[in-house]
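[1] when you get a sec, could you give me coordinates for this:
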Amino acid sequence: MITVTNLTKTYIDNDITTNALKGVSLTIKTGEFVAIMGPSGSGKSTLLQMLSFLDRPSSGSIAFENKQMEELSDADLATFRNETIGFVFQSFNLLPRISVYRNVELPLIYSVTLPENKRKELIETAVANVGLTDKLEIPAGKLSGGQKQRVAIARALVTNPSVIFADEPTGNLDSVSGKQVMEILKKLHNEGKTVILVTHDLETAHYAKRLIHIKDGQIASDTAL
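    Numbers count the residues shown, from 1 in each chain. As a prediction, the model looks like this:
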């Protein structure tokens, strides 16, 4: 699904140069569940941003299903992300004053191919998949942390993405809520979704089937679990 070749990312801030990624190469196959781990500043979050096309590399190439992503314009890349990728973030990134329904609807509003009259079924199905049908009309800000993250997963699912990226999805949750969220991601993987997870927690990482360790901007190890 994703092929990364000799990827580098350099940040320059006040004449200070930081080489966040240093020649990373890897391949992720359709249907894999991959966890990326590494110490703070290792480059794991930068790698996730590159893999999910939230940022562009300084050099190297990324191909998604044999399409070279560096050839796309910013506008085309934004459309591609909306239609192909689902995101789950540590901080949930929900709008607290609007309902669960409206939060999950947001990616569909930006879809250029989906008729408006098709949204309701997709939203209700996505919310049912995370067990929150009874919370559809409740403002997102009134939910518990675990429920908020489940709404975030529903929002990621609603466009039927090819791949789900989860950046520290249990980082703001208690252990029980964290396990519930990871069981949902595990279920999605078992149903055939590709899941790419960044985490600092080894217990969370072991839900994946493959573990990539990043250190000093390079892959230190890549092992099956």
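[2] can you name the element that comes right after the longest helix seen in the chain?
    When the chain is parsed with DSSP state H, its longest helix is helix 175-190. Remark: after helix 175-190, the chain's next helix or strand is strand 194-198, criterion DSSP states H and E.
[3] next, the angle from that following strand to helix 175-190.
    Angle of strand 194-198 versus helix 175-190, following axes from the mean of the first three to the mean of the last three CA atoms, to 10 degrees, is 150 degrees.
[4] the nearest residue in space to Asn6 that is not next to it in sequence in helix, strand or coil?
    Using CB to CB, 6 or more residues apart in numbering and skipping the chain neighbours, the partner closest in space to Asn6 is Gly60 (4.3 Å). All C-beta atoms are positioned from the backbone trio N, CA, C, and that covers glycine. The three-state label given to Gly60 by DSSP: H, G, I helix; E, B strand; the rest coil is strand.
[5] try Leu211
    Per three-state DSSP, Leu211 ends up strand.
[6] would you confirm that it contacts Ala205?
    Yes - look at Leu211 against Ala205 with CB atoms under 8 Å: they come within range, at 5.6 Å.
[7] for the most centrally placed residue in the chain, list the residues it contacts.
    Of all residues in the chain, the one closest to the mean position by CA atoms, centre = their mean is Phe165, 1.7 Å from it. Counting by CB atoms under 8 Å, 6 or more residues apart in numbering, Phe165 makes contact with Leu48, Leu51, Ser52, Ile85, Gly86, Phe87, Val88, Ile196, Leu197.
[8] just give the number of residues close to the third one.
    Just to be clear, that refers to Ser52. Ser52 has 20 neighbours, counted by other CB atoms under 10 Å.
[9] quick one: it and Ile164, what's the gap?
    From Ser52 across to Ile164, the span is 10 Å (CB to CB, to the nearest Å).
[10] remind me which residues of the protein are low pLDDT?
    Scanning the chain for pLDDT under 70 picks out 112.
[11] can you list the buried residues in stretch 173-185?
    Leu173, Ser177, Gly178, Lys179, Gln180, Val181, Met182, Ile184, Leu185 (16 or more other CB atoms under 10 Å).
[12] now that stretch: how far from the chain's centre is it?
    Centroid separation for stretch 173-185 versus its chain: 16 Å, with CA atoms, centre = their mean, to the nearest Å.
[13] rewinding a little: hey, what's in contact with both of Ser52 and Ile164?
    Ile85, Phe87, Ile196.
[14] looking at these, which has the most residues close by?
    Scoring the shared contacts of Ser52 and Ile164 on neighbours with other CB under 10 Å, the highest-scoring entry is Ile196 at 25 neighbours.
[15] no further queries at this time; thank you.
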